[in-house]
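Visitor: 3D model of this:
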Amino acid sequence: MCSNRPWGVVKQAGETLLQTESLTVGGVLVLAILLFGAFRKGAGQPARLFGASWFLLTYLPISNLFDLNATVAEHWLYLPSVGFFVFLAGVHFDLSARHRRLTIALACVAVAGLSARSAVRSSDWVDPETFFRRTFAAGGSSSRIGVNLGVIYAARGEHAKAEAILRKVLQVFPNYPLARNNLGIALSRQGKTKDAEAMFETASNSMAPERGGYPRTWDAARNLARLRHKEKDDAAAFSILERARRDFPGNWELICFQAQMIHEIEGPMKALPVVKDFVRDHWWHARASITLGGLLLEIGDLPQAEGAFRQASMLDVHDAEALNLIVLLDVRQNKLEDACKVQRRAVARQPDQPRQYLLLSDILNKMGRTEESRATLAEVSRLESMARSRVAAN
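Guide: Below you'll find the predicted structure:
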């Protein structure tokens, strides 16, 4: 009986199976060579045994026998390669004098060639776009590389270029939800709303087992809800978000957009319970605490707002946004001394940000400490001068 699957799918499955079998056969051959060399008698046996053991032990963790928290792990081959070259050195020890000279010559040619290739390849790293563009061209329609290149074009506003790249990715990986989601964004920015909706629909409705490897597929549901919200179809937008929240429980981005919609439609008081419930269950989430503080500030509950901002500032000890919001509260209540202390902490967290010095200077001015205020503004001028110098140097 003939298969009812498209020939292209059958062909692709066959090619994938052939590649898998080739890799398996190659792996078995390499293992056999390593074992044979390790146990073969000769002057180089200790080096071969050591090299083979090094290679096998360091390669084992990335051999697909265990789950990896990475999509690609070829950069982890550096350590096993050391053992492989020690093994080759052990082989070299057992060769005749004539063959040793030949292998040394071949090794020198290989080093020269690989060094030249490395120098050429290093130019790919001049900036992210160059790296992704050249890698995409060299490796075919690699899914992650293609999506990253499309995102770079989209960030620059070149949505037609992003669309072209992402469509190439989908020709090879038609069910890749990240590519569909980003293509939907590129289409929507070009005003192709219907095509964008279709992309978001297929990306957000992927079966759970298929999207398990793509942790950001909730983004498609949020983008689809955003389109429905712009079309004033809020009932459909809320329905999409509720379904997505069931598929991705505890996702802050979905809850944040839902709260944002409620805020726009019914005001901050109605949005407050949604955010408050999330913060109660995810006390460690700094962004959620900042959002909660902002809602409390809007409804005039200043003490609780300050408490939420203080919690956020403790959760993220590098970010100064929560501290800036505490300063805003203190200034509003004319607690300038407290505001000055908190803003100095913000400066300590972000000493290279002129904005932090400007805020501190403004507070010092309000306190009548004009000399300190001028000294703080001088730091702003110094930072801006350094930034101009860096731009000129590049």
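Visitor: going forward, measure contacts and count neighbours with C-alpha atoms only.
Guide: Will do.
Visitor: tell me which element Asp319 is part of?
Guide: Using DSSP states H and E, Asp319 maps to neither a helix nor a strand.
Visitor: how many residues are close by it?
Guide: 16 (other C-alpha atoms under 10 Å).
Visitor: which outside residues touch stretch 95-104?
Guide: 92-93 (C-alpha atoms under 8 Å, 6 or more residues apart in numbering).
Visitor: buried set for that stretch?
Guide: Within stretch 95-104, no residue qualifies as buried by neighbour count (16 or more other C-alpha atoms under 10 Å).
Visitor: if you average pLDDT over it, what comes out?
Guide: On average, the pLDDT along stretch 95-104 is 86.
Visitor: what do you get for stretch 37-49?
Guide: 88.
Visitor: how about stretch 283-303?
Guide: 95.
Visitor: before we move on, what about stretch 62-71?
Guide: 68.
Visitor: same question for stretch 136-148.
Guide: Here the average pLDDT along stretch 136-148 is 74.
Visitor: can you check stretch 224-243 too?
Guide: 90.
Visitor: where's it relative to the chain centroid, distance-wise?
Guide: 27 Å (C-alpha atoms, centre = their mean, to the nearest Å).
Visitor: please apply the same query to stretch 253-273.
Guide: Using C-alpha atoms, centre = their mean, the offset of stretch 253-273 from its chain centre is 27 Å.
Visitor: pull the CA atoms of that stretch into CSV?
Guide: C-alpha atoms of stretch 253-273 as CSV (Å, rounded to 0.1, in the frame of the first residue of the first chain):
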residue,chain,number,x,y,z
GLU,A,253,4.9,38.0,30.6
LEU,A,254,1.4,36.6,29.9
ILE,A,255,0.1,37.8,33.3
CYS,A,256,1.7,41.2,32.9
PHE,A,257,0.0,41.7,29.5
GLN,A,258,-3.3,40.6,30.9
ALA,A,259,-3.0,43.1,33.8
GLN,A,260,-2.0,45.8,31.3
MET,A,261,-5.2,45.1,29.3
ILE,A,262,-7.4,45.2,32.5
HIS,A,263,-5.6,48.4,33.5
GLU,A,264,-6.5,50.1,30.2
ILE,A,265,-10.1,48.9,30.2
GLU,A,266,-11.1,49.1,33.9
GLY,A,267,-8.3,50.9,35.7
PRO,A,268,-5.5,50.1,38.1
MET,A,269,-7.8,48.9,40.9
LYS,A,270,-9.1,46.0,38.8
ALA,A,271,-5.6,45.0,37.6
LEU,A,272,-4.2,45.0,41.1
PRO,A,273,-5.5,41.5,42.2
